[in-house]
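1. sequence plus predicted model, see below.
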Amino acid sequence: MNLIKEHWTQKDVENFKTYLLSFSKGAEKGLWEQRIINTKLPCIAVPSPVVKDITKEISKGNFIQFLDFWVWDNFTHTSVNGGLICKIKDFVVMKKYLLEYANKIDNWASCDLLKFKITPKNKELYYNLSQECIMSSKPFVRRLGVKILFNFIADNNYIDKIFNILNSFEMETEYYVNMINAWIFAECFTKQREKTIKFLDSHKLNKFTINKGIQKCRDSFRVSKEDKEMLLKYKVK
């Protein structure tokens, strides 16, 4: 199928859906994918490399018009949408589509597949966007807010802000939000070790997050044996 189009019609979209199904690994694999992702959407088990190639081809044409159809019948459709949104160069336009996307998703994978091109010119815009998402009542929008912050860990101008944000999740109860908080804590430890150790002395992370974050550090090949032992004293019983 020709995916590089300057004009998308409803018929084109229906043909696209059929074309995408041709790459499916079958119903059994789809059910396995659905359990792993924990989504209410059907899953058709199209391999990630295929999804990336298809997304890349669509992006060579008028992919904004494709996005306007909001194809959302299964998880693979959402993956294509997410990949295309990240290719929008205009931040204002990207934000519009991203927030609509974020408010529709129901699983961690649809959030974590998003990869943003953050530059010195748009960095503060993305940081402010992360703060907006973190204030959401929807868990996967909050997860997205934290996901954006991974791009700021190595920047000394932002690391303390990240720690303050993590502390603001002290009363968080959603599993997938706590999990990404544990993940970003572990990333902070590997990239900003001294500052993270200092943070540990006065942190307000909830029990699940700090213990899971320490576990992630202890499972990482980027953390020394000595630090893995040292971190045990911060575990909450």
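-> Sure, I can see it.
2. and for the nearest residue to V146 once chain neighbours are set aside, the neighbour number?
-> Excluding its sequence neighbours, the residue lying closest to V146 (C-beta to C-beta, 6 or more residues apart in numbering) is I180, at 4.8 Å. Backbone N, C-alpha and C define where each C-beta goes, glycine included. Neighbours of I180 under the rule other C-beta atoms under 10 Å: 25.
3. list the contacts for I180?
-> W108, R143, V146, K147 (C-beta atoms under 8 Å, 6 or more residues apart in numbering).
4. do the same with N62
-> Contact criterion C-beta under 8 Å, 6+ apart gives K5, E6, H7, W8 as the residues in contact with N62.
5. one more: T78?
-> Applying C-beta under 8 Å, 6+ apart, one finds that T78 lies in contact with L41, W72, Y101, K104, I105, S110.
6. S130: which of those is nearest?
-> Nearest to S130 among the contacts of T78 is Y101, at 15.2 Å by C-beta to C-beta.
7. residue contacts, the closest one?
-> Listed by C-beta under 8 Å, 6+ apart, the contact partners of Y101 are T78, N81, G82, I85, S110.
8. which of the residues you listed has the largest number of neighbours?
-> Top of these by neighbour count (other C-beta under 10 Å): N81, with 25 neighbours.
9. surely that one meets W70?
-> Yes. Using C-beta atoms under 8 Å, N81 makes contact with W70 at a distance of 7.3 Å.
10. list the contacts for M179?
-> M179 sits next to W108, K212 when contact means C-beta under 8 Å, 6+ apart.
11. three-state assignment of it?
-> The assignment at M179 comes out as helix when based on DSSP: H, G, I helix; E, B strand; the rest coil.
12. and it, how far is that from M171?
-> For M179, the distance to M171 equals 16 Å [C-beta to C-beta, to the nearest Å].
13. domain ranges for the protein?
-> 1-115, 119-237 (automatic domain parsing).
14. could those go into JSON lines alongside mean pLDDT?
-> Listed next are the domains of the chain as JSON lines, based on pLDDT from 0 to 100:
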{"stretch": "domain 1-115", "mean pLDDT": "97"}
{"stretch": "domain 119-237", "mean pLDDT": "96"}
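15. the residue nearest the centre of the chain: what's its closest spatial neighbour, skipping adjacent residues?
-> In the chain, the centroid-proximal residue (C-alpha atoms, centre = their mean) is D112; its distance is 2.4 Å. Closest residue to D112 apart from its sequence neighbours, by C-beta to C-beta, 6+ apart: K147 at 6.5 Å.
16. next SSE downstream of the strand or helix carrying that neighbour?
-> Using DSSP states H and E, K147 sits within helix 139-149. The helix or strand immediately downstream of helix 139-149 is helix 159-167, counting by DSSP H and E.
17. now do whichever strand or helix holds C111: everything it contacts.
-> Taking DSSP H and E as the criterion, C111 maps to helix 108-112. For helix 108-112, contacts defined as C-beta under 8 Å, 6+ apart pick out 37-39, 75, 78-79, 82, 101-102, 105, 140, 143-144, 147, 176, 179-180.
18. one step back: top of the contacts of I180 by neighbour count?
-> R143 (26 neighbours).
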